[in-house]
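Enquirer: could you look at this predicted model? Sequence included:
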Amino acid sequence: MKKTTKILCFISMFVLFLLCYSFYKWYSLKNDYISLQLEMKRNYAYSQTSILTPFDYMVLSEDGEKAYSYCNGMNYDHTFQTGNEDSVVYLRDYLLYCYIFAIRDNNNDAAYEFSLYYLNALDNGKMILDTALLRVTTGFLNRVLSDTSSNASNCNKWGAAFFLQKIYNGTYVEDNKDSFLYKRYGDSAAKYEYLN
């Protein structure tokens, strides 16, 4: 009898162990299933919000000069609104559009607009400093300053020299401090301010 009791006890313990293990696996799979469903819902929600806007289509598919003029006209008062209207261009989007116009269409006005809004956003604390974007901005500003075409704006050149002077003063990155370039761009700013 003792042997039968021991065997029954062993079988009972084994069955109890199997039940506990089964419950554990069921619970684990249920949590994985719930996590997967939440992730799928998040991905679906993201895919619904990441649809291209009419401005995106215009910038990517239309004539660059026309698209730049239209986007710039939407922000002529230099304010960026919030909301879900199709007629609103957000600061982030406008920076991206200006970057595209500056690179793809070689548009120096867009390069200046990108630099102006990016540096103003840094000054106002609306964006975090990114050294790669600061290098892009420096390149754009130098491009605006060296523009010799007949439609180059002295006002934009003055602004470019002013911002380059600010960059090389170490305002944004201490390692960018360069007294020679600071003076050089200060002289350029004074020259173009006089021409305005």
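Expert: Here it is on my side, so go on. A quick note: this is a predicted structure, and the numbers were derived from the prediction, not measured. Numbers count the residues shown, from 1 in each chain.
Enquirer: point out where this protein drops to low pLDDT.
Expert: 1, 42-50, 62, 73-88, 150, 193-196 (pLDDT under 70).
Enquirer: could you redo the last one with a cut-off of 80?
Expert: By pLDDT under 80, the low-scoring segments of the chain are 1, 35-58, 61-66, 68-90, 149-154, 176, 178-196.
Enquirer: mind listing the helices in it by residue range?
Expert: 2-49, 54-61, 64-74, 91-104, 108-123, 131-145, 154-168, 179-195 (DSSP state H).
Enquirer: who's in contact with the second one?
Expert: Outside of helix 54-61, the residues within contact range by CB atoms under 8 Å, 6 or more residues apart in numbering are 52, 67, 70-71, 74, 86, 89, 93, 97, 100-101. C-beta: built from backbone N, CA, C; applies to glycine.
Enquirer: quick check, nearest of the residues you listed to G186?
Expert: F101 (28.7 Å; CB to CB).
Enquirer: now that closest one: closest residue in space, sequence neighbours ignored.
Expert: A110 (3.5 Å; CB to CB, 6 or more residues apart in numbering).
Enquirer: let me see the contact set for the one you found.
Expert: By CB under 8 Å, 6+ apart, A110 lies in contact with 68, 97-99, 101-102.
Enquirer: from Y99, how far off is the residue most central in space within the chain?
Expert: Residue closest to the average C-alpha location in the chain (CA atoms, centre = their mean): R92, at 6.1 Å. Going from R92 to Y99 by CB to CB, to the nearest Å gives 11 Å.
Enquirer: now L52, nearest residue through space, not along the chain?
Expert: L60 (7.7 Å).
Enquirer: check contacts around the residue nearest to the centre of the chain.
Expert: With contact set as CB under 8 Å, 6+ apart, R92 has no partners.
Enquirer: which of the contacts of helix 54-61 sit farthest apart?
Expert: Greatest spatial distance among the contacts of helix 54-61 (CB to CB): D86 and F101, at 19.8 Å.
Enquirer: between these two, who's got more neighbours?
Expert: Ranked by neighbour count (other CB atoms under 10 Å), D86 and F101 place F101 first, with 24 against 9.
Enquirer: show me the contacts for the more buried one.
Expert: Taking CB under 8 Å, 6+ apart, one finds 59, 64, 67-68, 107, 110 in contact with F101.
Enquirer: which of the residues you listed are buried?
Expert: Using 16 or more other CB atoms under 10 Å as the burial test, the contacts of F101 include 59, 67-68, 107, 110 as buried.
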